[in-house]
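K.L.:
Predicted coordinates and the sequence they were generated for:
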Amino acid sequence: MDRERLEEQKHLDECLAIIRKNLDVYEQKERAYKKEVTVLTQNVKKGDGDSYGALIAGMHILEHTRNSIRKSRAALKKAYFGRIDYRNIEECSDMSLYIGKNGVTTEQTDVVIVDWRAPAASVYYENELGKGTFSVLGQTEVPIDLKKKRTYDIAEEKLLGFYDDDAAANDELLIKYLSQNKEAALGDIIATIQKEQNQIIRDVPTKNIIVQGVAGSGKTTVALHRISYLLYNYEDRYKPSEFCIVGSSDMLLNYISSGLPELDVNHVKQMRMDVFLPYLMYKGWKKKYKIVRDRDDAGIKSKLKFVKALEQFLSRWRSENISLEEIYDDKIGRILSAENLEETYRSSGRLSLFQLEKLYNSRISSKIKFLCSDMEPDDRRAVLGKYRNYYHSDKKRWTEIQIYNEFLLELESQNSDYDFTGTRNGIWKNELDIYDTAAIALIWRRIFMKKEEDEFSQIIIDEAQDFGEMIYYVLKQLLPECYFTIMGDVSQNIHYDTGMNHWDGLKEAVFEKETDSFYMLLKSYRNTIEISECAGKVLEKASQGEYKIEPVIRRGREVCVKMVESGKLHGQLEMTLQGLLKAEYETIAVICKTEEEAGKVKQLLGIEQEDTFHNGVMVLSVAGTKGLEFDAVVLWKPDSDTYGNNPKDAKLLYVAITRALHELHILSDKEISGLFR
């Protein structure tokens, strides 16, 4: 063992020497490129237009070089985390690969450390010892015989230990990483990706994916690693700007974006859902309309049934407002037959009404030019002028709001239980909730869209359960060529009446073919056993037993429940926070049920309103914590009056509990909710 450890230490030292040499080269290049960019910038400022293209290219090279420096410095701290030794059965060759967060080469060609995203690295995450296969992109399976799978514990250039395909030892290493503070643990996640997570990360890009994952199962981590994996392995197909991450809050997006540079991902767009939907429509939309909180009728509008009824309404509108009768001219005869018009109509279902009219007008013009080829130019122009813009809905001056209002009135006439008065009054003031916005987007897509956009290829949605399935149906119609990776947990649906409490509607809205996949992540890596047991009691009531937490065996402190008199609650909160800060926890959250309650607690503590995720103490509503995690959490007044014994409140309380990585404190001046029992 000592001899083997010495050999491993020697190999590590050799790799570190190569990394240092590479770092020196990159730093020299950075200095040279920086000087070049400075000169080019000055030239452009002086009006030298020819230098602009060179400046853009130089800035790109400089950014790439700085990224290489950052990755090399990170590799010095932890060069690699795994090793696989296998025999390629077809080629009768033996391979020994060291796997790291970033690939390392010497002389730009010889691979010293394999990037975790490379196809062969999947063997480390998925294969057991013995015969198996791994996939190479665009090729068949590679048959191998895996001889060794080794995991390394390396920190700050030092080899602390290594383990050979020992499940217990690897679990011990995983627990060690998970026991660190949140920020420290982030850097080690790539080394501890689990098999079920890896399958999602490495799935092909040409499919839609839905992931149901319990709190702490790594959904967000998997989504970010999937982006990194796809950009690394399909760089000839995708650019980072073709990816968009969609979330429910700026704080969640800020939290997500903070991890992207570490995964070698840059220039990926991130938007809230209420920003993304308008972005996909015309530019003037946001200036014209204002998005407001969900109205009382949002529970109806959020369902697939509502948007399917809107589709039927728009289909009728489309057919009623375009004539398919034969176009005949007394001078030149038949221009387009009814059969021709009907065939075009049937085969152009994806076109908006305005696009279809443009297509018809183009065909009319082409046919007239053919029929009038023997005419004098002036006569031909006269006939063309007579039929120019033969189809022209613009003159009817429809608006999206007008069409939406007519649809709502029709629904009310068909169902006496429906009352959209609040929505109809609001939309005439240009005030729309998120579901009105989606409906307007679909109307725009079916009637008014002039040109189909192809900006995005991959859409990644986190905390998807917070929105009803009609949103996703509309997104799929707006972006028919896109593929969606949708992550969520129906047990964490904080918008019980409008969000998703099951996945069936979303599958119907998004899935198109048999290859689309639904995954489940049931193991929680976030919470200690003690916190998981507390959350599990609430989850039973939140999901009616449909999904259960399978925690990683990581022990911690017991959940601390403090019952104090009302006048002493503030003092107890201060004391609890001081203790957590003294324990050197980096991220601490006081979680209240509502924004109003959170505002009151902020005043008590003298904390300013925060919009970004940061170290220290944060006071947030349950909704504000979605998708986030903290080293320690203090639940503020989770009594029976605040959290009733019902699935709606159970989901909120389950979200609040499962934000805690290491410690959970419950403070109340009344008997705590029965959901805890």
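P.N.:
Here it is on my side, so go on. Residues are numbered from 1 along each chain as shown.
K.L.:
could you dump stretch 51-61 to CSV, C-alpha only?
P.N.:
In CSV, the C-alpha atoms belonging to stretch 51-61 read as follows (Å, rounded to 0.1, in the frame of the first residue of the first chain):
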residue,chain,number,x,y,z
SER,A,51,-9.3,47.4,-36.3
TYR,A,52,-12.8,46.7,-35.0
GLY,A,53,-13.0,43.1,-36.3
ALA,A,54,-9.5,42.4,-34.9
LEU,A,55,-10.5,43.9,-31.6
ILE,A,56,-13.5,41.6,-31.2
ALA,A,57,-11.5,38.6,-32.1
GLY,A,58,-8.7,39.6,-29.7
MET,A,59,-11.2,40.1,-26.9
HIS,A,60,-12.6,36.7,-27.5
ILE,A,61,-9.1,35.1,-27.4
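K.L.:
And the strands in the stretch 301-450 of the chain?
P.N.:
Taking DSSP state E, counting those that start in this stretch as the criterion, the stretch 301-450 of the chain contains strands spanning 327-329, 333-336, 431-432.
K.L.:
Which one of those strands lies nearest to Met273?
P.N.:
Judged by CB to CB, the one of the strands of the stretch 301-450 of the chain that comes nearest to Met273 is strand 431-432, at 13.0 Å. In this view, the C-beta of every residue, glycine as well, is placed from N, C-alpha and C.
K.L.:
Now do the closest one: which elements does it pack against?
P.N.:
strand 290-291 (3 or more CB pairs under 8 Å, 6 or more residues apart in numbering; DSSP states H and E).
K.L.:
Counting by contacts, list what the strand it packs on packs against.
P.N.:
strand 431-432.
K.L.:
try 10 Å this time
P.N.:
helix 273-279, strand 431-432, helix 434-443 (3 or more CB pairs under 10 Å, 6 or more residues apart in numbering; DSSP states H and E).
K.L.:
Comparing these, which comes out most buried?
P.N.:
helix 434-443 (a mean of 25; mean count of other CB atoms under 10 Å).
K.L.:
right, and the helix or strand after it?
P.N.:
strand 458-461 (DSSP states H and E).
K.L.:
strand partners of that next one, parallel vs antiparallel please.
P.N.:
Here strand 458-461 has these sheet partners by DSSP bridges: strand 243-247 (parallel), strand 483-488 (parallel).
K.L.:
how about a markdown table for these, with mean neighbour count, distance to Leu314 and mean pLDDT added?
P.N.:
What follows is the strands paired with strand 458-461, written out as a markdown table (neighbours: other CB atoms under 10 Å; distance: least, CB to CB, whole Å; pLDDT from 0 to 100):
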| stretch | mean neighbour count | distance to Leu314 | mean pLDDT |
| --- | --- | --- | --- |
| strand 243-247 | 24 | 24 | 95 |
| strand 483-488 | 24 | 22 | 96 |
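K.L.:
Now do the strands in the stretch 51-200 of the chain.
P.N.:
Going by DSSP E, counting those that start in this stretch, the stretch 51-200 of the chain shows strands at 82-88, 93-100, 104-106, 110-115, 130-135, 141-155, 158-164.
K.L.:
Could you pull up the mean pLDDT of the shortest one?
P.N.:
Meaning strand 104-106. Averaging pLDDT along strand 104-106 yields 89.
K.L.:
residue contacts, Ile494?
P.N.:
Contacts for Ile494 (CB atoms under 10 Å, 6 or more residues apart in numbering) come out as 248, 463, 465-466, 621-623, 625-626, 648, 651-652, 654-656.
K.L.:
Same list, the strands of the stretch 301-450 of the chain, but as a markdown table with mean pLDDT and distance to Glu514 please.
P.N.:
Converted to a markdown table, those look like this (pLDDT from 0 to 100; distance: least, CB to CB, whole Å):
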| stretch | mean pLDDT | distance to Glu514 |
| --- | --- | --- |
| strand 327-329 | 90 | 43 |
| strand 333-336 | 91 | 39 |
| strand 431-432 | 95 | 36 |
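K.L.:
which stretch among these comes nearest Thr41?
P.N.:
Checking these against Thr41 by CB to CB gives strand 431-432 as the closest, at 44.1 Å.
K.L.:
Centre of the chain to the closest one, how far?
P.N.:
26 Å (CA atoms, centre = their mean, to the nearest Å).
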